[in-house]
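Chemist: Predicted structure and sequence below. I'll ask about it afterward.
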Protein chains: 2
Amino acid sequence: MARNADQNQRMRDESRRKILSSSLKLFATKGLGATKITDIVEESGISQGLLYHYFRSKEEIFVELIRHALQGMNAAARALEKLPLTPTEKIARAITELLRAMSENDDFARYFLLVAQANFSEAIPEEARAIIKEESDEPHEVMARIMRSGQQDGSIKKHRAEDLALVFWVLMKGFALHKAARGAEFTLPDTRILIDFFKNGEK
Amino acid sequence: MARNADQNQRMRDESRRKILSSSLKLFATKGLGATKITDIVEESGISQGLLYHYFRSKEEIFVELIRHALQGMNAAARALEKLPLTPTEKIARAITELLRAMSENDDFARYFLLVAQANFSEAIPEEARAIIKEESDEPHEVMARIMRSGQQDGSIKKHRAEDLALVFWVLMKGFALHKAARGAEFTLPDTRILIDFFKNGEK
DNA sequence: GTCTATATCCAGATAGAC
DNA sequence: GTCTATCTGGATATAGAC
(Lines give C-alpha, C1' and ligand atoms only; values in the text may rest on other atoms or scores of the structure.)
Protein backbone atom coordinates (compact mmCIF):
# COMPACT_ATOMS: atom_id res chain seq x y z
CA MET A 1 0.00 0.00 0.00
CA ALA A 2 2.67 2.42 1.07
CA ARG A 3 4.86 1.26 -1.76
CA ASN A 4 2.14 1.95 -4.31
CA ALA A 5 1.58 5.39 -2.91
CA ASP A 6 5.31 6.03 -3.18
CA GLN A 7 5.44 4.88 -6.74
CA ASN A 8 2.48 7.01 -7.63
CA GLN A 9 4.13 10.01 -6.07
CA ARG A 10 7.23 9.38 -8.11
CA MET A 11 5.25 9.09 -11.31
CA ARG A 12 3.45 12.32 -10.56
CA ASP A 13 6.71 14.10 -9.81
CA GLU A 14 8.31 12.79 -12.94
CA SER A 15 5.42 13.89 -15.15
CA ARG A 16 5.33 17.35 -13.61
CA ARG A 17 9.08 17.65 -13.95
CA LYS A 18 8.98 16.75 -17.63
CA ILE A 19 6.24 19.29 -18.29
CA LEU A 20 8.08 22.03 -16.44
CA SER A 21 11.45 21.42 -18.04
CA SER A 22 10.00 21.23 -21.54
CA SER A 23 8.01 24.39 -20.94
CA LEU A 24 11.06 26.18 -19.61
CA LYS A 25 13.00 25.33 -22.72
CA LEU A 26 10.24 26.50 -25.03
CA PHE A 27 9.23 29.62 -23.12
CA ALA A 28 12.85 30.75 -22.95
CA THR A 29 13.52 30.28 -26.65
CA LYS A 30 10.18 31.19 -28.20
CA GLY A 31 8.39 33.18 -25.54
CA LEU A 32 5.18 32.38 -23.72
CA GLY A 33 2.87 33.67 -26.43
CA ALA A 34 4.50 31.80 -29.28
CA THR A 35 4.66 28.50 -27.40
CA LYS A 36 1.71 26.25 -28.05
CA ILE A 37 0.41 23.60 -25.68
CA THR A 38 1.05 21.09 -28.42
CA ASP A 39 4.70 22.16 -28.50
CA ILE A 40 5.03 21.40 -24.81
CA VAL A 41 3.25 18.09 -25.16
CA GLU A 42 5.45 17.10 -28.07
CA GLU A 43 8.66 18.14 -26.34
CA SER A 44 7.85 16.31 -23.14
CA GLY A 45 6.38 13.22 -24.77
CA ILE A 46 3.21 13.12 -22.73
CA SER A 47 -0.39 13.51 -23.81
CA GLN A 48 -2.30 16.75 -23.88
CA GLY A 49 -4.86 15.37 -21.47
CA LEU A 50 -2.20 14.57 -18.90
CA LEU A 51 -0.77 18.05 -19.07
CA TYR A 52 -4.16 19.45 -18.18
CA HIS A 53 -4.38 16.93 -15.37
CA TYR A 54 -1.42 18.66 -13.70
CA PHE A 55 -1.82 22.26 -14.77
CA ARG A 56 -4.90 24.33 -15.41
CA SER A 57 -3.29 26.27 -18.25
CA LYS A 58 -0.12 27.32 -20.01
CA GLU A 59 -0.07 30.40 -17.80
CA GLU A 60 -0.02 28.34 -14.64
CA ILE A 61 3.11 26.55 -15.83
CA PHE A 62 4.69 29.88 -16.61
CA VAL A 63 3.91 31.24 -13.16
CA GLU A 64 5.40 28.21 -11.46
CA LEU A 65 8.61 28.56 -13.46
CA ILE A 66 8.91 32.26 -12.69
CA ARG A 67 8.34 31.65 -9.00
CA HIS A 68 10.98 28.95 -8.91
CA ALA A 69 13.48 31.08 -10.80
CA LEU A 70 13.12 34.13 -8.60
CA GLN A 71 13.18 32.21 -5.35
CA GLY A 72 16.33 30.43 -6.45
CA MET A 73 18.00 33.66 -7.49
CA ASN A 74 17.12 35.35 -4.21
CA ALA A 75 18.39 32.43 -2.17
CA ALA A 76 21.65 32.50 -4.13
CA ALA A 77 22.02 36.24 -3.61
CA ARG A 78 21.50 35.93 0.16
CA ALA A 79 23.94 33.02 0.31
CA LEU A 80 26.56 35.03 -1.56
CA GLU A 81 26.21 37.96 0.81
CA LYS A 82 26.82 35.73 3.83
CA LEU A 83 29.97 34.09 2.51
CA PRO A 84 33.14 34.90 4.45
CA LEU A 85 34.74 36.82 1.59
CA THR A 86 35.81 40.38 0.90
CA PRO A 87 33.44 42.50 -1.19
CA THR A 88 35.73 42.28 -4.19
CA GLU A 89 35.88 38.52 -3.85
CA LYS A 90 32.11 38.33 -3.64
CA ILE A 91 31.74 40.34 -6.83
CA ALA A 92 34.35 38.23 -8.59
CA ARG A 93 32.60 35.09 -7.40
CA ALA A 94 29.22 36.34 -8.57
CA ILE A 95 30.52 37.21 -12.02
CA THR A 96 32.42 34.00 -12.60
CA GLU A 97 29.71 31.78 -11.16
CA LEU A 98 26.87 33.43 -13.04
CA LEU A 99 28.70 33.37 -16.35
CA ARG A 100 29.89 29.83 -15.81
CA ALA A 101 26.40 28.63 -14.91
CA MET A 102 25.00 30.45 -17.90
CA SER A 103 27.35 28.77 -20.32
CA GLU A 104 27.43 25.29 -18.78
CA ASN A 105 23.98 24.80 -17.34
CA ASP A 106 21.29 25.05 -19.99
CA ASP A 107 18.44 25.22 -17.53
CA PHE A 108 20.11 28.00 -15.59
CA ALA A 109 20.53 30.02 -18.77
CA ARG A 110 16.90 29.39 -19.62
CA TYR A 111 15.64 30.49 -16.24
CA PHE A 112 17.70 33.63 -16.49
CA LEU A 113 16.35 34.40 -19.92
CA LEU A 114 12.81 33.60 -18.88
CA VAL A 115 12.98 36.12 -16.06
CA ALA A 116 14.63 38.71 -18.27
CA GLN A 117 11.79 38.38 -20.77
CA ALA A 118 9.12 38.36 -18.11
CA ASN A 119 10.55 41.56 -16.70
CA PHE A 120 9.75 43.55 -19.77
CA SER A 121 6.98 41.68 -21.50
CA GLU A 122 3.48 43.02 -21.18
CA ALA A 123 2.08 39.68 -22.28
CA ILE A 124 2.49 37.73 -19.07
CA PRO A 125 -0.12 36.53 -16.56
CA GLU A 126 -1.12 38.93 -13.81
CA GLU A 127 0.09 36.54 -11.15
CA ALA A 128 3.54 36.38 -12.69
CA ARG A 129 3.66 40.14 -12.71
CA ALA A 130 2.83 40.20 -9.00
CA ILE A 131 5.54 37.68 -8.16
CA ILE A 132 8.09 39.67 -10.11
CA LYS A 133 7.11 42.87 -8.37
CA GLU A 134 7.44 41.12 -5.04
CA GLU A 135 10.57 39.09 -5.58
CA SER A 136 12.83 40.80 -8.04
CA ASP A 137 14.43 43.58 -6.03
CA GLU A 138 16.56 41.47 -3.74
CA PRO A 139 19.46 40.63 -6.07
CA HIS A 140 19.87 44.29 -6.90
CA GLU A 141 19.79 45.30 -3.25
CA VAL A 142 22.26 42.63 -2.23
CA MET A 143 24.68 43.72 -4.91
CA ALA A 144 24.30 47.38 -3.97
CA ARG A 145 25.14 46.51 -0.36
CA ILE A 146 28.21 44.56 -1.43
CA MET A 147 29.34 47.46 -3.62
CA ARG A 148 28.82 49.89 -0.76
CA SER A 149 30.85 47.87 1.71
CA GLY A 150 33.58 47.54 -0.91
CA GLN A 151 33.62 51.31 -1.23
CA GLN A 152 34.00 51.66 2.52
CA ASP A 153 37.15 49.57 2.51
CA GLY A 154 38.39 51.36 -0.60
CA SER A 155 38.41 48.38 -2.95
CA ILE A 156 35.48 49.37 -5.17
CA LYS A 157 35.10 52.40 -7.42
CA LYS A 158 33.51 55.51 -5.98
CA HIS A 159 30.34 55.79 -7.98
CA ARG A 160 26.80 55.54 -6.66
CA ALA A 161 26.55 51.99 -5.35
CA GLU A 162 23.11 51.68 -6.95
CA ASP A 163 24.56 52.57 -10.32
CA LEU A 164 27.30 49.98 -9.93
CA ALA A 165 24.77 47.32 -8.95
CA LEU A 166 22.64 48.35 -11.91
CA VAL A 167 25.58 47.98 -14.27
CA PHE A 168 26.37 44.61 -12.76
CA TRP A 169 22.91 43.22 -13.44
CA VAL A 170 22.63 44.91 -16.80
CA LEU A 171 25.82 43.10 -17.79
CA MET A 172 24.46 39.76 -16.60
CA LYS A 173 21.17 40.22 -18.42
CA GLY A 174 23.03 41.28 -21.52
CA PHE A 175 25.17 38.16 -21.41
CA ALA A 176 22.09 36.01 -20.96
CA LEU A 177 20.66 37.51 -24.13
CA HIS A 178 23.91 37.12 -25.97
CA LYS A 179 24.30 33.51 -24.96
CA ALA A 180 20.73 32.81 -26.09
CA ALA A 181 21.41 34.45 -29.44
CA ARG A 182 24.67 32.61 -30.06
CA GLY A 183 23.96 29.29 -28.39
CA ALA A 184 26.86 26.92 -28.78
CA GLU A 185 29.25 29.51 -30.20
CA PHE A 186 28.91 31.53 -27.05
CA THR A 187 32.39 32.14 -25.70
CA LEU A 188 32.97 33.81 -22.40
CA PRO A 189 35.15 36.89 -22.47
CA ASP A 190 37.99 36.97 -19.99
CA THR A 191 36.04 37.55 -16.78
CA ARG A 192 38.85 39.72 -15.41
CA ILE A 193 37.69 42.43 -17.82
CA LEU A 194 34.42 42.55 -15.93
CA ILE A 195 35.83 42.22 -12.44
CA ASP A 196 38.33 45.03 -13.02
CA PHE A 197 35.45 47.19 -14.07
CA PHE A 198 34.25 47.51 -10.51
CA LYS A 199 37.62 47.63 -8.77
CA ASN A 200 39.06 50.90 -7.64
CA GLY A 201 42.07 51.78 -9.82
CA GLU A 202 43.72 54.06 -7.23
CA LYS A 203 46.71 52.35 -5.78
CA MET B 1 -4.89 64.31 -61.67
CA ALA B 2 -1.39 64.63 -60.32
CA ARG B 3 -2.79 66.14 -57.15
CA ASN B 4 -5.01 63.14 -56.58
CA ALA B 5 -2.15 60.76 -57.12
CA ASP B 6 -0.14 62.72 -54.61
CA GLN B 7 -2.89 62.64 -52.06
CA ASN B 8 -3.34 58.94 -52.56
CA GLN B 9 0.33 58.39 -52.05
CA ARG B 10 0.19 60.33 -48.82
CA MET B 11 -2.76 58.35 -47.56
CA ARG B 12 -1.01 55.11 -48.38
CA ASP B 13 2.14 56.22 -46.63
CA GLU B 14 0.20 57.35 -43.61
CA SER B 15 -1.67 54.06 -43.30
CA ARG B 16 1.48 52.01 -43.67
CA ARG B 17 3.24 54.20 -41.15
CA LYS B 18 0.47 53.75 -38.61
CA ILE B 19 0.51 49.99 -39.04
CA LEU B 20 4.27 49.80 -38.70
CA SER B 21 4.52 52.03 -35.66
CA SER B 22 1.69 50.25 -33.86
CA SER B 23 3.23 46.89 -34.67
CA LEU B 24 6.62 48.02 -33.47
CA LYS B 25 5.17 49.07 -30.15
CA LEU B 26 3.31 45.81 -29.67
CA PHE B 27 6.03 43.46 -30.93
CA ALA B 28 8.59 45.13 -28.68
CA THR B 29 6.46 44.93 -25.55
CA LYS B 30 4.61 41.65 -26.05
CA GLY B 31 6.63 39.80 -28.63
CA LEU B 32 5.63 38.67 -32.10
CA GLY B 33 3.82 35.54 -31.01
CA ALA B 34 1.71 37.18 -28.35
CA THR B 35 0.68 40.09 -30.56
CA LYS B 36 -2.61 39.53 -32.37
CA ILE B 37 -3.61 41.12 -35.62
CA THR B 38 -6.58 42.56 -33.79
CA ASP B 39 -4.20 44.24 -31.34
CA ILE B 40 -2.41 45.97 -34.19
CA VAL B 41 -5.66 46.98 -35.81
CA GLU B 42 -6.99 48.37 -32.54
CA GLU B 43 -3.78 50.23 -31.73
CA SER B 44 -3.54 51.84 -35.14
CA GLY B 45 -7.23 52.59 -35.54
CA ILE B 46 -7.61 51.06 -38.97
CA SER B 47 -9.66 48.11 -40.14
CA GLN B 48 -8.40 44.58 -40.37
CA GLY B 49 -9.13 44.48 -44.07
CA LEU B 50 -6.96 47.51 -44.69
CA LEU B 51 -4.04 45.99 -42.85
CA TYR B 52 -4.15 43.00 -45.18
CA HIS B 53 -4.33 45.38 -48.12
CA TYR B 54 -0.84 46.60 -47.21
CA PHE B 55 0.76 43.52 -45.70
CA ARG B 56 0.32 39.86 -46.48
CA SER B 57 0.74 38.79 -42.87
CA LYS B 58 1.88 39.68 -39.38
CA GLU B 59 5.23 38.16 -40.25
CA GLU B 60 5.73 40.48 -43.20
CA ILE B 61 5.31 43.48 -40.91
CA PHE B 62 7.83 41.99 -38.53
CA VAL B 63 10.36 41.44 -41.30
CA GLU B 64 10.01 45.00 -42.52
CA LEU B 65 10.60 46.35 -39.02
CA ILE B 66 13.65 44.17 -38.49
CA ARG B 67 15.12 45.20 -41.82
CA HIS B 68 14.61 48.87 -41.07
CA ALA B 69 16.11 48.54 -37.59
CA LEU B 70 19.25 46.75 -38.72
CA GLN B 71 19.87 48.98 -41.70
CA GLY B 72 19.54 52.03 -39.48
CA MET B 73 21.89 50.61 -36.89
CA ASN B 74 24.49 49.69 -39.52
CA ALA B 75 24.31 53.12 -41.11
CA ALA B 76 24.78 54.72 -37.69
CA ALA B 77 27.75 52.49 -36.93
CA ARG B 78 29.46 53.34 -40.21
CA ALA B 79 28.77 57.05 -39.67
CA LEU B 80 30.28 56.87 -36.20
CA GLU B 81 33.43 55.23 -37.49
CA LYS B 82 33.95 57.99 -40.05
CA LEU B 83 33.60 60.88 -37.63
CA PRO B 84 36.77 62.94 -37.10
CA LEU B 85 37.16 61.88 -33.45
CA THR B 86 39.64 59.93 -31.40
CA PRO B 87 38.73 56.32 -30.59
CA THR B 88 37.92 57.21 -26.98
CA GLU B 89 35.68 60.03 -28.15
CA LYS B 90 33.89 57.70 -30.54
CA ILE B 91 33.22 55.23 -27.77
CA ALA B 92 32.04 57.97 -25.44
CA ARG B 93 29.81 59.31 -28.19
CA ALA B 94 28.36 55.89 -28.91
CA ILE B 95 27.56 55.23 -25.26
CA THR B 96 25.98 58.58 -24.55
CA GLU B 97 24.06 58.72 -27.80
CA LEU B 98 22.73 55.19 -27.55
CA LEU B 99 21.64 55.59 -23.96
CA ARG B 100 20.15 59.00 -24.61
CA ALA B 101 18.23 57.75 -27.63
CA MET B 102 17.05 54.76 -25.64
CA SER B 103 15.64 56.87 -22.85
CA GLU B 104 14.26 59.75 -24.90
CA ASN B 105 13.12 58.17 -28.12
CA ASP B 106 10.48 55.52 -27.55
CA ASP B 107 10.66 54.14 -31.06
CA PHE B 108 14.41 53.82 -30.89
CA ALA B 109 14.15 51.85 -27.65
CA ARG B 110 11.50 49.65 -29.24
CA TYR B 111 13.60 48.94 -32.31
CA PHE B 112 16.52 48.03 -30.12
CA LEU B 113 14.42 45.71 -28.03
CA LEU B 114 12.82 44.18 -31.10
CA VAL B 115 16.20 43.27 -32.52
CA ALA B 116 17.43 41.97 -29.17
CA GLN B 117 14.43 39.66 -28.99
CA ALA B 118 14.67 38.60 -32.60
CA ASN B 119 18.29 37.70 -32.02
CA PHE B 120 17.48 34.95 -29.57
CA SER B 121 13.90 33.98 -30.34
CA GLU B 122 13.34 30.79 -32.26
CA ALA B 123 9.83 31.90 -33.13
CA ILE B 124 10.58 34.38 -35.87
CA PRO B 125 10.00 34.17 -39.63
CA GLU B 126 12.71 32.55 -41.71
CA GLU B 127 13.22 35.73 -43.70
CA ALA B 128 13.86 37.72 -40.53
CA ARG B 129 16.43 35.16 -39.49
CA ALA B 130 18.19 35.56 -42.82
CA ILE B 131 18.28 39.34 -42.54
CA ILE B 132 19.69 39.12 -39.04
CA LYS B 133 22.36 36.69 -40.14
CA GLU B 134 23.25 39.02 -42.98
CA GLU B 135 23.08 42.39 -41.27
CA SER B 136 23.88 42.04 -37.62
CA ASP B 137 27.65 41.67 -37.53
CA GLU B 138 28.57 45.16 -38.61
CA PRO B 139 28.04 47.05 -35.34
CA HIS B 140 30.19 44.54 -33.53
CA GLU B 141 32.92 44.74 -36.14
CA VAL B 142 32.91 48.51 -36.20
CA MET B 143 33.24 48.65 -32.43
CA ALA B 144 36.05 46.10 -32.44
CA ARG B 145 37.95 48.21 -34.99
CA ILE B 146 37.48 51.33 -32.89
CA MET B 147 38.68 49.49 -29.79
CA ARG B 148 41.70 48.20 -31.66
CA SER B 149 42.73 51.61 -32.94
CA GLY B 150 42.30 52.95 -29.41
CA GLN B 151 44.65 50.29 -28.19
CA GLN B 152 47.21 51.27 -30.77
CA ASP B 153 47.31 54.84 -29.50
CA GLY B 154 47.30 53.59 -25.90
CA SER B 155 43.98 55.07 -24.84
CA ILE B 156 41.98 51.84 -24.56
CA LYS B 157 42.52 48.88 -22.25
CA LYS B 158 44.64 46.00 -23.45
CA HIS B 159 42.19 43.17 -23.66
CA ARG B 160 41.11 41.34 -26.78
CA ALA B 161 39.37 44.01 -28.88
CA GLU B 162 36.63 41.51 -29.71
CA ASP B 163 35.96 40.98 -26.03
CA LEU B 164 35.74 44.70 -25.41
CA ALA B 165 33.36 45.14 -28.32
CA LEU B 166 31.32 42.24 -27.01
CA VAL B 167 31.09 43.82 -23.57
CA PHE B 168 30.10 47.10 -25.17
CA TRP B 169 27.15 45.60 -26.99
CA VAL B 170 26.20 43.34 -24.12
CA LEU B 171 25.93 46.46 -21.99
CA MET B 172 23.77 48.21 -24.54
CA LYS B 173 21.46 45.23 -24.92
CA GLY B 174 21.25 44.92 -21.17
CA PHE B 175 20.25 48.56 -20.84
CA ALA B 176 17.61 48.15 -23.51
CA LEU B 177 16.10 45.31 -21.49
CA HIS B 178 16.33 47.27 -18.31
CA LYS B 179 14.68 50.31 -19.81
CA ALA B 180 11.89 48.15 -21.15
CA ALA B 181 11.38 46.58 -17.74
CA ARG B 182 11.35 49.86 -15.87
CA GLY B 183 9.74 52.13 -18.43
CA ALA B 184 9.29 55.64 -17.10
CA GLU B 185 11.33 55.06 -13.94
CA PHE B 186 14.34 54.22 -16.03
CA THR B 187 17.15 56.48 -14.92
CA LEU B 188 20.46 56.53 -16.70
CA PRO B 189 23.51 55.82 -14.61
CA ASP B 190 26.34 58.30 -14.85
CA THR B 191 27.66 57.45 -18.31
CA ARG B 192 31.22 58.15 -17.18
CA ILE B 193 31.10 54.86 -15.30
CA LEU B 194 30.72 53.08 -18.59
CA ILE B 195 33.16 55.16 -20.56
CA ASP B 196 35.90 54.72 -17.96
CA PHE B 197 35.36 51.01 -18.26
CA PHE B 198 37.06 50.92 -21.63
CA LYS B 199 39.74 53.52 -20.99
CA ASN B 200 43.25 52.51 -20.19
CA GLY B 201 44.01 53.32 -16.53
CA GLU B 202 47.79 53.51 -17.03
CA LYS B 203 48.91 57.07 -16.81
C1' DG C 1 -2.17 8.01 -13.94
C1' DT C 2 -2.53 8.27 -18.71
C1' DC C 3 -4.49 8.31 -23.14
C1' DT C 4 -7.72 9.44 -27.31
C1' DA C 5 -11.45 11.87 -29.03
C1' DT C 6 -14.04 15.90 -29.15
C1' DA C 7 -16.12 20.56 -28.28
C1' DT C 8 -15.41 25.44 -28.32
C1' DC C 9 -13.47 29.39 -29.41
C1' DC C 10 -10.66 32.74 -31.42
C1' DA C 11 -6.93 34.29 -34.40
C1' DG C 12 -5.50 34.78 -39.22
C1' DA C 13 -6.77 35.65 -43.60
C1' DT C 14 -10.13 36.64 -47.56
C1' DA C 15 -14.20 38.52 -50.34
C1' DG C 16 -16.75 41.87 -51.78
C1' DA C 17 -19.36 46.25 -51.02
C1' DC C 18 -18.85 51.26 -50.83
C1' DG D 1 -8.44 53.42 -50.18
C1' DT D 2 -11.25 51.69 -46.67
C1' DC D 3 -14.68 49.12 -44.46
C1' DT D 4 -17.84 45.04 -42.80
C1' DA D 5 -18.88 40.37 -43.06
C1' DT D 6 -17.31 35.86 -43.40
C1' DC D 7 -14.55 31.56 -43.93
C1' DT D 8 -11.15 28.45 -42.23
C1' DG D 9 -7.81 26.50 -39.45
C1' DG D 10 -5.71 25.62 -35.46
C1' DA D 11 -5.14 26.19 -30.44
C1' DT D 12 -7.09 25.67 -25.77
C1' DA D 13 -9.47 23.07 -22.85
C1' DT D 14 -12.70 19.15 -21.52
C1' DA D 15 -14.90 14.40 -21.34
C1' DG D 16 -14.62 9.99 -20.85
C1' DA D 17 -12.37 5.44 -21.71
C1' DC D 18 -8.64 2.32 -20.17
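Modeler: Arrived safely, thanks for sending.
Chemist: Every contact and neighbour count from this point should use C-alpha atoms.
Modeler: Fine.
Chemist: in chain A, which spans are helices?
Modeler: Counting by DSSP state H, the segments of chain A that form helices are A:2-30, A:37-44, A:48-54, A:58-82, A:87-104, A:106-120, A:126-135, A:138-152, A:161-182, A:191-198.
Chemist: residues in chain A within reach of chain B, list them.
Modeler: A:29-35, A:116, A:119-123, A:159, A:163, A:166-167, A:170-175, A:177-178, A:180-182, A:189-190, A:193, A:197, A:201 (Cα under 8 Å from any Cα of the partner chain).
Chemist: Please repeat the previous calculation with a cut-off of 6 Å.
Modeler: A:29-30, A:33-34, A:119-123, A:163, A:170-171, A:173-175, A:180-181, A:189, A:197 (Cα under 6 Å from any Cα of the partner chain).
Chemist: ok so, going back, DNA strand C: which of the helices of chain A is closest?
Modeler: helix A:48-54 (3.6 Å; Cα to the nearest atom of the strand).
Chemist: where in chain A is pLDDT low?
Modeler: Within chain A, the stretches with pLDDT under 70 are A:1-3, A:202-203.
Chemist: Which residue, other than its chain neighbours, is closest to the most centrally placed residue in it?
Modeler: Central residue of chain A (Cα atoms, centre = their mean): residue A:112, 3.1 Å from the mean position. Closest residue in space to residue A:112, ignoring its immediate chain neighbours: residue A:176 at 6.7 Å, by Cα to Cα, 6 or more residues apart in numbering or on different chains.
Chemist: The one you found: neighbouring residues, count only.
Modeler: Look at residue A:176: counted by other Cα atoms under 10 Å in any protein chain shown, it has 26 neighbours.
Chemist: do you know how far it is from residue A:74?
Modeler: To residue A:74, residue A:176 is 17 Å away according to Cα to Cα, to the nearest Å.
Chemist: now do residue A:64
Modeler: 16 Å.
Chemist: which residues touch residue A:27?
Modeler: Going by Cα atoms under 6 Å, 6 or more residues apart in numbering or on different chains, residue A:27 touches no other residue.
Chemist: run the last query once more with 7 Å
Modeler: Contacts for residue A:27 (Cα atoms under 7 Å, 6 or more residues apart in numbering or on different chains) come out as A:35, A:114.
Chemist: quick one: it from residue B:199, how far?
Modeler: In terms of Cα to Cα, residue A:27 sits 39 Å off from residue B:199.
Chemist: Same check on residue A:167?
Modeler: Residue A:167 is 17 Å from residue B:199, by Cα to Cα.
Chemist: Kindly report the same for residue A:74.
Modeler: In terms of Cα to Cα, residue A:74 sits 34 Å off from residue B:199.
Chemist: repeat for residue A:81
Modeler: 30 Å.
Chemist: Which positions in chain A make contact with DNA strand C?
Modeler: A:8-9, A:11-12, A:15, A:45-50, A:53 (Cα under 7 Å from any atom of the strand).
Chemist: residues near the residue found closest to residue A:37 once you drop the neighbours it is linked to in the chain, how many?
Modeler: Leaving aside its chain neighbours, residue A:37 sits nearest to residue A:58 (6.8 Å; criterion: Cα to Cα, 6+ apart). Per other Cα under 10 Å, the neighbour tally for residue A:58 reads 18.
Chemist: same deal with residue A:108?
Modeler: Other residues close to residue A:108 by other Cα under 10 Å number 17.
Chemist: Quick check: it touching residue A:98?
Modeler: No - with contact defined as Cα atoms under 7 Å, residue A:108 does not count as touching residue A:98 (9.0 Å).
Chemist: Give me the buried positions along stretch A:76-86.
Modeler: A:77, A:80-81 (16 or more other Cα atoms under 10 Å in any protein chain shown).
Chemist: can you put those in CSV and add distance to residue A:130?
Modeler: Listed next are the buried residues of stretch A:76-86 as CSV, based on distance: Cα to Cα, whole Å:
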residue, distance to residue A:130
A:77, 20
A:80, 25
A:81, 25
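Chemist: And those, which is closest to chain B?
Modeler: Among the buried residues of stretch A:76-86, residue A:77 lies closest to chain B (Cα to the nearest Cα), at 19.2 Å.
Chemist: Name the nearest residue to that closest one, sequence neighbours excluded.
Modeler: Residue A:77's closest residue in space is residue A:139 (Cα to Cα, 6+ apart), at 5.7 Å.
Chemist: Then residue A:16?
Modeler: Residue A:16 sits nearest to residue A:54 (Cα to Cα, 6+ apart), 6.9 Å away.
Chemist: Also residue A:19?
Modeler: residue A:44 (5.9 Å).
Chemist: these two touch, right, the one you found and residue A:20?
Modeler: No - the criterion here is Cα under 7 Å, and residue A:44 misses it with residue A:20 at 8.8 Å.
Chemist: Tell me how many other residues surround residue A:157.
Modeler: By other Cα under 10 Å, the burial measure for residue A:157, its neighbour count, is 20.
Chemist: Might one say that it is in contact with residue A:195?
Modeler: No - using Cα under 7 Å as the test, residue A:157 is too far from residue A:195 to be in contact (11.4 Å).
Chemist: contacts for stretch A:166-179?
Modeler: Under Cα under 7 Å, 6+ apart, the answer for stretch A:166-179 is A:102, A:109, A:112-113, A:116, A:186, B:120, B:170-171, B:173-175, B:178.
Chemist: centre of the chain versus that stretch, how much separation?
Modeler: Taking Cα atoms, centre = their mean, to the nearest Å, one finds stretch A:166-179 lying 11 Å from the centre of the chain it belongs to.
Chemist: Then stretch A:27-34?
Modeler: 15 Å.
Chemist: Residue A:64 and residue A:74: who's more crowded?
Modeler: residue A:74 (18 against 14).
Chemist: Excluding residues flanking it in the chain, which one is nearest residue A:136?
Modeler: Using Cα to Cα, 6+ apart, the nearest residue to residue A:136 is residue A:70, at 6.7 Å.
Chemist: how far away is that neighbour from chain B?
Modeler: 16 Å (Cα to the nearest Cα, to the nearest Å).
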